[in-house]
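# sequence and predicted model, in that order:
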Amino acid sequence: MVGGAKAKGFAFALGITLETVDHLTAQIAAGILRAPIGAVRDNPPYGVNCVVDVPIQGTGAHRQRVVSVRTVWQLAKPGCAPRLVSAYIND
């Protein structure tokens, strides 16, 4: 499976696969607008990382399930757009 352990986790918990990754992308984009930043950590020399936990709804047979997905965003310097660097099921 492409993506290894993280991909298997998304498929198992939420039914999200490479074919339905647009669902995950849309849910993260909407969720980060409502969810608070959980932590900010220095990440020299890359700037800072911000942690945001987002509720994600599953697809298909898993559409009734909602789990917390931890996203990590890199802010390289003031004025730069944040960049998603990681997303995984937050146990």
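Nice, I can see it. Numbering: from 1, shown residues only.

# if you count neighbours, what's buried in stretch 47-56?
47, 49-50, 52-54, 56 (16 or more other Cβ atoms under 10 Å). Placement of C-beta: from N, CA and C, glycine included.

# would you mind writing the CA trace of the lowest-mean-pLDDT helix or strand in the chain as PDB?
Within the chain, no helix or strand scores below helix 4-14, which has a mean of 92 by mean pLDDT, DSSP states H and E. C-alpha atoms of helix 4-14 as PDB (Å, rounded to 0.1, in the frame of the first residue of the first chain):
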ATOM      1  CA  GLY A   4       3.000   2.600   4.500                       C
ATOM      2  CA  ALA A   5       1.600   2.700   8.100                       C
ATOM      3  CA  LYS A   6      -0.100   6.000   7.800                       C
ATOM      4  CA  ALA A   7      -2.000   5.000   4.700                       C
ATOM      5  CA  LYS A   8      -3.000   1.700   6.300                       C
ATOM      6  CA  GLY A   9      -4.300   3.600   9.300                       C
ATOM      7  CA  PHE A  10      -6.400   6.000   7.200                       C
ATOM      8  CA  ALA A  11      -7.800   3.100   5.200                       C
ATOM      9  CA  PHE A  12      -8.600   1.000   8.300                       C
ATOM     10  CA  ALA A  13     -10.000   3.700  10.500                       C
ATOM     11  CA  LEU A  14     -11.800   5.900   7.900                       C
END
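
# quick one, the helix or strand just after that helix and helix 4-14 angle?
Going down the chain from helix 4-14, the next helix or strand is helix 21-31, by DSSP states H and E. Interaxial angle of helix 21-31 relative to helix 4-14 (axes from the mean of the first three to the mean of the last three Cα atoms, to 10 degrees): 80 degrees.

# and helix 21-31, how far from the chain's centre?
In this view, helix 21-31 has its centroid 8 Å away from the chain centroid, taken as Cα atoms, centre = their mean, to the nearest Å.
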